[in-house]
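# Build me a model:
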Amino acid sequence: MVTRILVIGGGIAGTTTALALHKAGFDVSVYEAHPDSAEDIGAFLTLASNGMRALAQIDASAAVTAAGFPLTSMRVLDGAGTEVAQRPLGEADNPVLRFRCLRRGELNAALQAEAARRGISIRHGASLASVQDGPDRVTAHFTDGSTTTGDLLIGADGLNSTVRRTIAPASQPRYAGECVFYGYTAGATPAEVADDERITMVRGSAAAFGYAVSPDGETYWFARVAGEALAADEIAHGTPGQWRDLLLPLLREDATPAADIVAATTGDILVTNATEMPPGAPWYSGRTLVIGDAAHAASPATGQGASMAMEDAVILAKALRDTPDTDTALSVYETLRRPRVEHNTTVSGNISRGVHAPSRTGQAPASRPADEELARLLEWNSTIGINV
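So this is what the prediction gives:
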């Protein structure tokens with residue numbers, strides 16, 4: 001029987017999983033390599049209604065809604081700056097389930113603070129070296145020479161997962177076809193902003209662009225540019241000025257606010273290569289499992305990465321709670337999760353690579369109101385059966 005669970009990685013997937021497992025009655029500890037909670041603080045993300053629904057099931061909504069700001073609608077501009085679509089986002093009528101826009105570091109900090117409030121142990125500076133999986137227990141070995149043992153080890157350690165290398169050393173992330181830039185500015189609030197709680201997507205000639213304006217007037221923006229991957233050295237040593245010089249000629253091809261927003265960005269600009277995990281990679285072996293980006297990272301085109309990880313957390317905790325043994329729980333979990341997350345990876349990757357045109361709104365569907373089956377699976381008081 002599983003009682004003690006080790007979670008490797010204290011980011012969004014790992015901390016949300018710890019919260020869900022704790023609510024399900026398990027003894028859970030989190031081990032995070034970073035010395036604090038502010039990983040990737042330069043990037044922002046949107047939590048979709050399905051992610052917010054998952055948080056609500058583990059009583060973590062309030063911790064997250066205290067950070068960031070809500071988004072209740074999306075509009076799409078073409079390259080001429082003409083509005084071609086506008087629609088509500090997700091379950092905009094429900095304050096608990098509204099999309100949320102926030103910085104990744106703020107989300108990590110909020111989730112970790114909630115975990116600490118509930119008495120969940122989070123050890124920072126714990127870098128995993130290897131995993132020793134046995135018939136009855138699994139042991140994590142850290143680079144400082146320390147070890148810890150449990151009944152199940154969950155790798156929520158992201159794209160370059162050490163845990164995944166233990167389970168499936170041949171499974172490697174791949175470039176998804178575009179580079180992504182993130183920035184913030186208070187110096188270029190678009191003139192056409194007439195209401196709040198809206199994200200604008202720009203279907204540009206040479207780049208996809210999106211922006212939202214926070215209640216205090218700061219514009220959060222991203223740009224997705226197709227082409228060759230940037231070298232790691234370029235990303236590490238690039239300056240905001242270099243990134244602006246790269247983006248502005250592309251954005252000025254269009255009559256949209258995008259170029260002015262980027263030109264007014266004087267602070268840091270975060271740059272990353274969009275990356276994904278190929279479908280079909282193994283997720284578990286024995287007493288070791290990977291979840292979130294470690295298992296099914298997708299390009300950011302659909303904006304679903306964090307929300308999918310939160311779904312993982314709730315459904316995994318319920319599978320472990322409701323099934324008779326670990327093998328059954330992990331099998332049931334994979335059966336329930338793999339089709340959904342790999343569909344998202346495929347759709348998002350196709351958009352990033354330009355394999356097919358985006359939907360009529362100019363982007364992949366950011367989120368639909370949760371269908372009945374997903375809502376049932378996430379509902380904490382419903383039981384996950386063996387025959388799924």
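
# And what about the residue nearest to the spatial centre of the chain, helix, strand or coil?
The residue lying closest to the centre of the chain (Cα atoms, centre = their mean) is A306, at 2.3 Å. Per DSSP: H, G, I helix; E, B strand; the rest coil, the local secondary structure of A306 is helix.

# Look up how far W243 lies from it.
Counting by Cβ to Cβ, to the nearest Å, the gap from A306 to W243 is 24 Å. In short, each C-beta sits where N, CA and C put it, glycine included.

# do E91 as well
To W243, E91 is 35 Å away according to Cβ to Cβ.

# what does T162 give?
30 Å.

# mind listing the strands for the stretch 101-250 of the chain?
According to DSSP state E, counting those that start in this stretch, the stretch 101-250 of the chain carries its strands in the segments 121-124, 128-133, 138-142, 147-150, 152-155, 174-185, 198-203, 208-213, 219-226.

# Pick the most deeply packed of these.
strand 152-155 (a mean of 28; mean count of other Cβ atoms under 10 Å).

# Who are the packing partners of that one?
Contact partners of strand 152-155 among helices and strands, from 3 or more Cβ pairs under 8 Å, 6 or more residues apart in numbering; DSSP states H and E: strand 4-8, strand 138-142, helix 162-167, strand 288-290.

# got TSV for those, with distance to T65 too?
TSV is the format used below for the helices and strands packed on strand 152-155 (distance: least, Cβ to Cβ, whole Å):
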stretch	distance to T65
strand 4-8	24
strand 138-142	33
helix 162-167	31
strand 288-290	29
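
# for the longest helix along the chain, packing partners?
Ranked by residue count and defined by DSSP state H, the top helix of the chain is helix 326-353. Judged by 3+ Cβ pairs under 8 Å, 6+ apart, the packing partners of helix 326-353 are strand 174-185, strand 219-226, strand 270-276, helix 293-296, helix 305-322.

# So which of the ones you listed is nearest T16?
For T16, the closest of those is helix 305-322, at 4.1 Å, according to Cβ to Cβ.

# With just CA atoms, put stretch 159-174 into CSV.
Below are the C-alpha coordinates for stretch 159-174, written out as CSV (Å, rounded to 0.1, in the frame of the first residue of the first chain):
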residue,chain,number,x,y,z
LEU,A,159,11.3,19.2,-19.7
ASN,A,160,14.8,17.9,-18.9
SER,A,161,13.6,15.5,-16.3
THR,A,162,16.2,13.4,-14.4
VAL,A,163,13.4,11.0,-13.4
ARG,A,164,12.4,10.5,-17.0
ARG,A,165,15.9,9.5,-17.9
THR,A,166,15.6,6.7,-15.3
ILE,A,167,12.3,5.4,-16.8
ALA,A,168,12.9,6.1,-20.5
PRO,A,169,16.4,7.3,-21.3
ALA,A,170,15.7,7.2,-25.1
SER,A,171,12.8,9.7,-24.8
GLN,A,172,14.1,13.2,-25.5
PRO,A,173,12.3,16.5,-26.0
ARG,A,174,12.4,18.0,-29.4
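
# List the buried residues in it.
The neighbour-count criterion (16 or more other Cβ atoms under 10 Å) identifies 161-168, 171, 173 as the buried residues of stretch 159-174.

# what's the answer for stretch 12-32, then?
Buried residues in stretch 12-32, defined by neighbour count with 16+ other Cβ under 10 Å: 12-24, 26, 28-32.

# Mind checking which of the residues you listed land in strands?
Taking DSSP state E, the ones among these that sit in strands are 28-32.

# Go through the residues you listed and name the one nearest L320.
Nearest to L320 among these, with distances taken as Cβ to Cβ, is V28, at 10.4 Å.

# what about the closest one, distance to A170?
Using Cβ to Cβ, V28 is found at 30 Å from A170.

# for G81, same thing?
47 Å.

# Now do the contacts for W380.
Taking Cβ atoms under 8 Å, 6 or more residues apart in numbering as the contact definition, W380 lies against 23, 57-58, 314, 318.

# Take those residues and lay them out in CSV including pLDDT and distance to A294.
CSV is the format used below for the contacts of W380 (pLDDT from 0 to 100; distance: Cβ to Cβ, whole Å):
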residue, pLDDT, distance to A294
K23, 98, 22
Q57, 98, 22
I58, 98, 20
V314, 98, 17
K318, 98, 20
